[in-house]
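>>> fold the stuff below for me.
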Amino acid sequence: MPTVTKMLRTGNGSFENFLRIARLLGLLDGVQQATDPLNTDIGKLRADEDTPKRIR
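Residues are numbered from 1 along each chain as shown. The predicted structure follows:
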């Protein structure tokens, strides 16, 4: 089984593996919070812009 260091050196790391390691270490919730655009004021404003308006 490859180690994290070996994967980083060879460039074989993937986002899927990153998420698996984060889950294993109990850091997945923190990763989700850090990457959620709705946690920022700008992200909240942009979410309103991207919401389609209802067609009547």
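
>>> for the rest of this, base every contact and every neighbour count on C-alpha atoms.
Noted.

>>> got a list of what the residue most central in space within the chain touches?
For the chain, the residue nearest the mean C-alpha position is Thr35 (4.8 Å; CA atoms, centre = their mean). Applying CA atoms under 8 Å, 6 or more residues apart in numbering, we find Thr35 in contact with no residue.

>>> distance of it relative to Glu16?
15 Å (CA to CA, to the nearest Å).

>>> what's in contact with the helix or strand of the chain with the lowest mean pLDDT?
Counting by mean pLDDT, DSSP states H and E, the chain has its least confident helix or strand at helix 4-10, which shows a mean of 74. Helix 4-10 is contacted by residues Gly13 when judged by CA under 8 Å, 6+ apart.

>>> put the alpha carbons of that helix into PDB.
The C-alpha coordinates for helix 4-10 follow below in PDB (Å, rounded to 0.1, in the frame of the first residue of the first chain):
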ATOM      1  CA  VAL A   4       1.200   9.500   1.400                       C
ATOM      2  CA  THR A   5       4.700  10.800   1.100                       C
ATOM      3  CA  LYS A   6       5.400   8.400  -1.800                       C
ATOM      4  CA  MET A   7       2.200   9.400  -3.500                       C
ATOM      5  CA  LEU A   8       3.100  13.100  -3.200                       C
ATOM      6  CA  ARG A   9       6.600  12.500  -4.600                       C
ATOM      7  CA  THR A  10       5.400  10.600  -7.700                       C
END
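
>>> buried ones in it?
Buried residues in helix 4-10, counted by 16 or more other CA atoms under 10 Å: none are found.

>>> please state the offset of the helix or strand that that helix is followed by from the chain centre?
Downstream of helix 4-10, the next assigned helix or strand under DSSP states H and E is helix 15-24. Here helix 15-24 is found 10 Å from its chain centre; the criterion is CA atoms, centre = their mean, to the nearest Å.
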